[in-house]
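S.K.: pasting the sequence and the predicted model now:
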Amino acid sequence: MAEAIRVMLVDDHAVVREGLRTFLELQDGIEVVGEADDGRQALAEAERLRPDVILMDLVMPVLDGVGAMRELREKLPGCRVIVLTSFAEDDRLLPAIQAGAAGYLLKNVQPKELARAVRAAHAGEALLDPAVAARLVEAIAQPAGEGPRDELTSREREVLELIGRGMSNKRIALELGVSEKTVKTHVGHLLAKLGVADRTQAAMHAVRTGLLSPKT
């Protein structure tokens, strides 16, 4: 039996943490191992507990979510952080993505989507709220620059466009009528060709270089 995904909750509102803990502890394969109410405490607890995934608010006292993520990326690069916030504005969204967020969800997310996001982040995927994904593509749109190192195939381009819409591998597989394993293969190839580390960076790079339309 696979080990449970170890999750830590970081939010300065105790009622939010309690609600998240209550829901997540009912999910198979997910274990809440700790909590913190500000970014500085989150860093200390993360180093002590070594969680797999952290659900992180952005607006907190002492040290905000973006600052905490930047330090976490250096100290615990294997830990995946999902932003869970009420804000989708550019001045919060872009710094969070650049700080290494493995997902960006709004606090009105459906519970089942939150559980899916935790599992996706643990599996190495980056999951964005669809509204946030659309906002991100618009926000980073710039004139076309250099293309990818190697030309993408038509199928890889299709997969990239669907990533830009915030779709998971499973949803892309359903959309294209192929297996999820095939989608993972395409994602791996296009990440290598674009020279980026993850799906979110691929979408950002694609918009900047003109591979992905801001209206996609």
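M.R.: Alright, I've got the coordinates.
S.K.: got the phi/psi numbers for Leu76?
M.R.: Here is the backbone geometry of Leu76 (degrees, to the nearest 10): phi -130, psi 70.
S.K.: any idea how far Ala173 is from it?
M.R.: Distance, Leu76 to Ala173, using CB to CB, to the nearest Å: 31 Å. From N, CA and C alone the C-beta is placed, and that goes for glycine too.
S.K.: between these two, who's got more neighbours?
M.R.: Ala173 (20 against 16; other CB atoms under 10 Å).
S.K.: I figured that one hits Thr182, correct?
M.R.: Yes - shown here, Ala173 and Thr182 form a contact pair, counting by CB atoms under 8 Å, at 7.1 Å.
S.K.: out of the helices and strands in the protein, which is least certain?
M.R.: Sorting the helices and strands of the chain by mean pLDDT, DSSP states H and E puts helix 130-139 at the bottom, at a mean of 66.
S.K.: packing partners for the helix ranked longest in the chain?
M.R.: In the chain, with assignment by DSSP state H, the single longest helix is helix 180-194. Here helix 180-194 is seen to pack against helix 154-164, helix 169-176, helix 199-208 when contacts are counted using 3 or more CB pairs under 8 Å, 6 or more residues apart in numbering; DSSP states H and E.
S.K.: for Ala44, which of these is the nearest?
M.R.: Minimum separation from Ala44 across those (CB to CB) falls at helix 199-208, 27.0 Å.
S.K.: what is the rounded mean pLDDT of that closest one?
M.R.: Across helix 199-208, pLDDT averages out at 74.
S.K.: now it against helix 154-164, angle please.
M.R.: On the basis of axes from the mean of the first three to the mean of the last three CA atoms, to 10 degrees, helix 199-208 is oriented at 110 degrees to helix 154-164.
S.K.: how about Ala68: what's its closest non-neighbour residue?
M.R.: Excluding the flanking residues, the one nearest Ala68 by CB to CB, 6 or more residues apart in numbering is Gly39, at 3.3 Å.
S.K.: got the contact list for the one you found?
M.R.: With contact set as CB atoms under 8 Å, 6 or more residues apart in numbering, Gly39 has these partners: 10, 60, 62-65, 67-68.
S.K.: and it, how far from Ala4?
M.R.: Distance from Gly39 to Ala4, counting by CB to CB: 25 Å.
S.K.: got it, and Leu76?
M.R.: With the distance defined as CB to CB, Leu76 ends up 18 Å from Ala4.
S.K.: what does Val66 give?
M.R.: According to CB to CB, Val66 and Ala4 sit 28 Å apart.
S.K.: could you do Asp52 as well?
M.R.: The value you get for Asp52 to Ala4, if CB to CB is used, is 9 Å.
S.K.: more neighbours: these two, which one.
M.R.: Higher neighbour count among Asp52 and Ala4: Asp52, with 19 against 14, using other CB under 10 Å.
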